[in-house]
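A.B. asks: Give me a 3D structure for the following:
(3 chains)
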Amino acid sequence: MNLAGCLVLSGALFAVGVFGLLTRRNMIAALLSLELTVVAALINFVAFARFGAASATNVAGGDAHAGSIFVFFAVAATAAEMALALALVIALRRRRQSLDITDLDGLHG
Amino acid sequence: MDNPVLLTQEAWSSLQTAAWAVLILPLLSFLVNGLWLGRKHERAAGWTATALLGATLACALHVASGWRSLVLQHPELYPSRTALAWEHVWLNFGGNLSARLGFYLDPASVMMIVVVSAISFLVHFYSIRYMKHERGAGRFFALLSLFTFAMLGLIVSGNLIQTFFFWELVGAASYLLIGFWYTKPAAVAASKKAFVLTRFADAFFLMGVLLTGVNTGSFDFLVVNGPAAAAELNRTLGAGLFAFKLLSVTTVLLYMGAWGKSAMFPFHVWLPDAMEGPTPVSALIHSATMVVAGVYLTARLFPLFAAAEHTLQLVAFTGALTAVFAAAVACTQTDLKRILAFSTLSQLGLMMLALGVSIPTVANGGGGAVTTIANTAGYTAALFHVFTHAFFKSLLFLSAGVIIHAIHSNDLRDAGGLRKKMPWTYISTLAACLALAGLWPFAGFFSKEEILGAALGNGHFTFVAAGLLTGGLTAFYMTRYFVLVFHGSARTHASSAMNADHAGAAHHGPTEPLLMVLPLIVLTVPSVLVGWLGRNAFLKDMLPWTSSATAPVEHLEAHAGFPWMVLVATALALSGIGTGLYLYGRKRWTAGYADDRGPWLYRILRDKLYVDEVYSFLIRKVGSRFVITPADWAERKILNASFDQGGGVLNKLARGLSRYQNGQVQRSVATALLGLVLLLALYFSGSPLPHLFGSLK
Amino acid sequence: MTPVSTFAYSAASNLLTLTWALPLASAAALALFPRQRVSAIRRFALAANTLNLILVAVLTVLFFKSPPVPNTSSGGTETMLAFAADHEWLSVLNVHYLIGVDAISITLMLLAAVILFSGTLASWTIGAPGGTGKVAALASSENGAKEFFILLQILAAGVFGCFISFDLFTFFVFNELTLIPTYLLIALFGSGRREYAAMKLTLILMGGSALIFLGIFGLYFESGIHSFSILELSQVRFHPDFQGWAFPVLFLGFGILGNMFPFHIWSPDGHASAPTAVSMLLAGVHMKLGAYGCLRIAMYLLPEGAGMWMNVFLIPAVVGVVWGGFVAVRQKDLKYMNAYSSVSHCGLVFVGLATLNLIGLRGAVLQMLAHGFITATVFAVIGMIYQRTHTRRIPDMSGLMRSIPFLSVVFVIAGMAALGLPGFAGFAAELNIFLGAFAAAGTLARMGAVLAVLSIIVSAIYILRAVNGVLHGPPKENAAVLSDAVPVEKIALLTLLAAILVLGLWPGPVVHRIDDALMPILNNLKR
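C.D. replies: Sure thing, here's the model as predicted:
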């Protein structure tokens, strides 16, 4: 496993996530796709922490574990965000009897 | 105190003070009456204004006598007979170019301030009684004083800007006074007509003033009339078809102002209509003073005009045309004041003619083409006629006012047989009519002879003929006027009722109120006398300013060489009177034909050659339809509509864009991603744009 | 702190700041008033504006008593400021609060203060029962005064701020500050098609602002010194290529605000719909910001550009002079008539600017002042007549002279002043403009001068048409019930008339100091 492999993986994950985000009409599915894009970004963090320039020369004065620590924080934050999002989805579902994302065009003036 | 220098200084400072007072007193009268007295105490306003104008007259006389003893009698000090009482800079334009307020004394201005203040005083006095029952008499006196102030300021101005300044002010005062009875639509229309028409001419006048100032570097008459200024202006501008002589253009533009103000054909149309104003206004403004301002201006600029090639010919031509035309029209009018108005036009024409025939001979055409004035008899004659005409014409208007006051009508056909009832008016009008007709020894005789003599002396036989014709016609229409008003029997109910019972007249007061007749009697004296009293003084002193005392001024004794001229002119005048007596004295004719009747020449003249109709056509059909309407249309349908249309286009565009923004999350996300991609592309393309914000500091 | 070329009374710069701070503070204070206390609100606004008038008058007197500017005749190109101060307030862009005045700005400030004072008096009935505006139609008629005066004070603050700013950015900020209150004042308190008019005005002026913004930043970057200071930028010689495009951009931007043909179309609708005080302030002062910017910013900073372009801009200027007159002749609504007359008179300002000589420029500045006072007077009288007759249409009125003589006489006087009668401010200004135009080089300038002079005929026609139509003629039957001006209105009108007369009769002293202030600009143009 090297940096390029990791980046390809994360790129693919991101693409899948974006595709899902743009095409899924079910709100839950869209949220899942969104989570995929976040995970893609997190993989980048870890990959750069492991293989990137920072680990070799430590120019930033940081530490090689910084990337991994970021991921933990991010995962925790995402989990919380997901909990909130799901709560919102349930609330919406109660109110509109639908999870179809195309029904939500309230932003259109 | 025997020191002559000290005495002179004292006299000089008293002259200066009087000169200030000449301007300040009428202004004071305007302010006092306009701001305070006129609103509540209308009778007091009349007396105050009259008193202040009397003081003005006294000061004017003092200035005149001071000027006479200090300036005129010291040709070694004042070779050109001119002096400045005082002068203050109003506005500087850099270099020598400045606009100044000054009090300029020369034979012409001294003569005019006396005439204007005298007639203004008498008219103020007369108006006390005339306007007694009028609403707004206080406003009337305020405006009359304002006019007098402006007129005096115009007369004494030593430069073109001051002239224009007061030129416009007299116009405004005239506007306000013509429209004094502002509820009367005819008066309102006449006031507007007078102002706009003179304003039209004044715009060109202003151009002339500015061109003169820009090109000669001065607005002062003393400089502008000098040979250097004429040489400066004597160049050709433009090329080919658009080539024009600057001097000719400038002088014609300057003359345009006089053209409008003195109501020369075809700008004359405002003057007859101006008779809608109160009669004292007509007597002061539209016969004796403001309308001669044009003649006065032409006289002021005479050396400059004389230097130009054809300008004086134009002056003479417009003068002759107006003189004959107006005299002919006056023969057919039936409105008392309009007859007098056309008579005024005709006499103004004669004055212009006189100025115009003083055509100088060019001394040397080469180099600077300096001209010298060889024969100024016409100049003298014109100002002499201004002088005499002022008295008898204002007298005629004031007497017409008495008549109108008595019979409550302006119509000649309503008058008749008033001789018995109005003896004083009868006598004074007779004197004025004879003066206007130009019979010896009345004032008009002398000035008319001077004019004809000047024209003949310079060999202008056409203009002599025009002058003679005018003289004959004048005698005719004045006889008609006089006979129809005073002789015969009362023609209509109005005058017969007045003749029949005094009870009817009683509640209007006496037929000839003393306060109104008094000025008539006073004016009768100069109407008879000023001609032969003033003639020699005019011939001696009333000469145009020349650049140097040594300039060859050859003054022609006007009719010394042409004794037959007097005979011809008098014979023509007498035959005019005879015809008038023959036609109207035998009760055969009334004032004229009934409407739409009479021979074609009569109808054409009665309708004033249809000049008003031409104006109406030009304004309503041409001006309105081809200028105002298109401009208004373009303003609405092109300029404003293009904004509205532009708004519509933007609106459509916005609507299209908002359709893209359908409010769904996925469309937003996709757009955001697109933006991200574009930014990345920009970043990797090496464009400097993303660095822009880094360079701000 | 950059050095400021100052010549007098730097200590008084705080007073200068007060001229805009006072209206702004009074706006804030007005917000605290209970809205029902209409009388207290307008009294407070009047007090603030009277105080401001006194303040500006004191500053003007101080200015005119100060020693003359030292560097005028020697070809100096630096503008010398009185009451100057300089503080940096946005360091990232090197923006300064650089204030001061010269003769041009102090006289324009006096114009603004007089008009604001008179305008406050003229809008005495705003919010009162029977007053005009949407507010009257809303619920209780007592609602409008508070918002009206708050907005008016903000507008005033912007105007004063502009006239004292010698920093382009600060100038721009103040200029933008005027726009929003203008929009709201017209849209909320106007009459007729007020929403359309307000929108049109705001959009077109925003367009002008965009051009100004572009030009200002062009100057900032192109100067190489990264400065917004007019004083510093005036000493920079910009590349001719830059001047070639930046000058028209700036001049057009300010020209739009200054009512230049054919961008004048915002003004007739705007002025006709605006309430009286706003019409007065807009036409009398706000518009002058445009011409002021043209002179102070476009021509002063980009003199070579002015040399290249002024003959081009002479054409719309002259067309505007004639055009405004022609269209005014046809108007039936008095306010539209006066608005188009403003187009004509503002055209004369641009004709004066286009002469590029001292007499013409001086005429342009005088015309800004003269037109400001005169048009404000006319708008004030029209507003007062409208309050009585409830119509502004000329054909619907007749013979008002008999029932409301005071207002009628003022209308006649203001009309005479507007048509350039000598003795009033308009003549002094027009005389200089015409003379400057005739003295200017080139056939085009002379032809323009001829047309401009001829416009005085047209002005006589439309003014007399209005005067004769409205005041003269037989009185209408219901005219007897009209009441003449109340003391408050008389004070407002007499103040304005006094200014018109003083400027018309004694222009000398003012002109002298204005010449001093114009010399640096002129020297820059000649360099």
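A.B. asks: number of nearby residues for the residue of the stretch 1-150 of chain C found nearest chain B?
C.D. replies: The stretch 1-150 of chain C approaches chain B most closely through C:Val92 (5.8 Å), counting by Cβ to the nearest Cβ. For the C-beta atoms, the positions are set from N, CA and C on the backbone; glycine is no exception. A count of neighbours around C:Val92, defined by other Cβ atoms under 10 Å in any protein chain shown, yields 7.
A.B. asks: mind listing the helices for the stretch 151-300 of chain C?
C.D. replies: C:168-189, C:194-222, C:230-233, C:240-257, C:266-273, C:276-281, C:287-293, C:300-301 (DSSP state H, counting those that start in this stretch).
A.B. asks: which helices and strands does the fourth one pack with?
C.D. replies: Just to be clear, that refers to helix C:240-257. Applying 3 or more Cβ pairs under 8 Å, 6 or more residues apart in numbering or on different chains; DSSP states H and E, we find helix C:240-257 packed against helix C:194-222, helix C:287-293, helix C:303-330.
A.B. asks: With mean pLDDT and mean neighbour count added, can I get the helices of the stretch 151-300 of chain C in a markdown table?
C.D. replies: As requested, the helices of the stretch 151-300 of chain C are exported to a markdown table (pLDDT from 0 to 100; neighbours: other Cβ atoms under 10 Å in any protein chain shown):
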| stretch | mean pLDDT | mean neighbour count |
| --- | --- | --- |
| helix C:168-189 | 92 | 22 |
| helix C:194-222 | 92 | 19 |
| helix C:230-233 | 90 | 22 |
| helix C:240-257 | 93 | 22 |
| helix C:266-273 | 91 | 27 |
| helix C:276-281 | 91 | 30 |
| helix C:287-293 | 94 | 26 |
| helix C:300-301 | 94 | 24 |
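A.B. asks: okay if I get those as TSV plus distance to B:Ala118?
C.D. replies: Formatted as TSV, the helices of the stretch 151-300 of chain C follow (distance: least, Cβ to Cβ, whole Å):
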stretch	distance to B:Ala118
helix C:168-189	58
helix C:194-222	58
helix C:230-233	60
helix C:240-257	55
helix C:266-273	50
helix C:276-281	46
helix C:287-293	48
helix C:300-301	56
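A.B. asks: Which one of the ones you listed lies nearest to B:Val611?
C.D. replies: helix C:266-273 (36.4 Å; Cβ to Cβ).
A.B. asks: for the stretch 351-500 of chain C, which spans come out with low pLDDT?
C.D. replies: Scanning the stretch 351-500 of chain C for pLDDT under 70 picks out C:478-480.
A.B. asks: Up against chain B, what does it have?
C.D. replies: C:358-359, C:399, C:401-402, C:412, C:416, C:419, C:421-423, C:427-428, C:431-432, C:434-435, C:438-439, C:449-450, C:453-454, C:456-457, C:460-461, C:464-465, C:468, C:471-475 (Cβ under 8 Å from any Cβ of the partner chain).
A.B. asks: out of the residues you listed, which are buried?
C.D. replies: C:358-359, C:399, C:401-402, C:412, C:416, C:419, C:421-423, C:427-428, C:431-432, C:434-435, C:438-439, C:449-450, C:453-454, C:456-457, C:460-461, C:464-465, C:468, C:471-473, C:475 (16 or more other Cβ atoms under 10 Å in any protein chain shown).
A.B. asks: where's B:Val483, which helix or strand?
C.D. replies: Per DSSP states H and E, B:Val483 falls inside helix B:461-486.
A.B. asks: Phi, psi for B:Arg99 please.
C.D. replies: Check again: residue B:99 is Ala, not Arg. phi -100, psi 130 (degrees, to the nearest 10).
A.B. asks: Who's the closest spatial neighbour of it, skipping the chain neighbours?
C.D. replies: Closest residue to B:Ala99 apart from its sequence neighbours, by Cβ to Cβ, 6 or more residues apart in numbering or on different chains: B:Ile161 at 3.7 Å.
A.B. asks: Please state the offset of the strand or helix carrying that neighbour from the chain centre?
C.D. replies: Using DSSP H and E, B:Ile161 sits in helix B:160-178. In terms of Cα atoms, centre = their mean, to the nearest Å, the centre of helix B:160-178 is set 9 Å apart from its chain centre.
A.B. asks: in that helix, what's buried?
C.D. replies: B:160-178.
A.B. asks: And for stretch B:305-313?
C.D. replies: B:Phe305, B:Ala306, B:Ala307, B:Ala308, B:Thr311, B:Leu312.
A.B. asks: State the mean pLDDT of it.
C.D. replies: Across stretch B:305-313, pLDDT averages out at 84.
A.B. asks: chain center to that stretch: distance?
C.D. replies: Using Cα atoms, centre = their mean, the offset of stretch B:305-313 from its chain centre is 21 Å.
A.B. asks: Please export the alpha-carbon coordinates of that stretch; CSV is fine.
C.D. replies: Provided in CSV are the C-alpha atoms of stretch B:305-313 (Å, rounded to 0.1, in the frame of the first residue of the first chain):
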residue,chain,number,x,y,z
PHE,B,305,-21.6,99.5,-35.7
ALA,B,306,-20.2,102.1,-38.0
ALA,B,307,-17.0,100.2,-38.3
ALA,B,308,-18.9,97.1,-39.5
GLU,B,309,-19.6,96.8,-43.2
HIS,B,310,-23.3,96.5,-43.5
THR,B,311,-24.7,96.7,-40.0
LEU,B,312,-25.8,100.3,-40.2
GLN,B,313,-27.6,99.6,-43.5
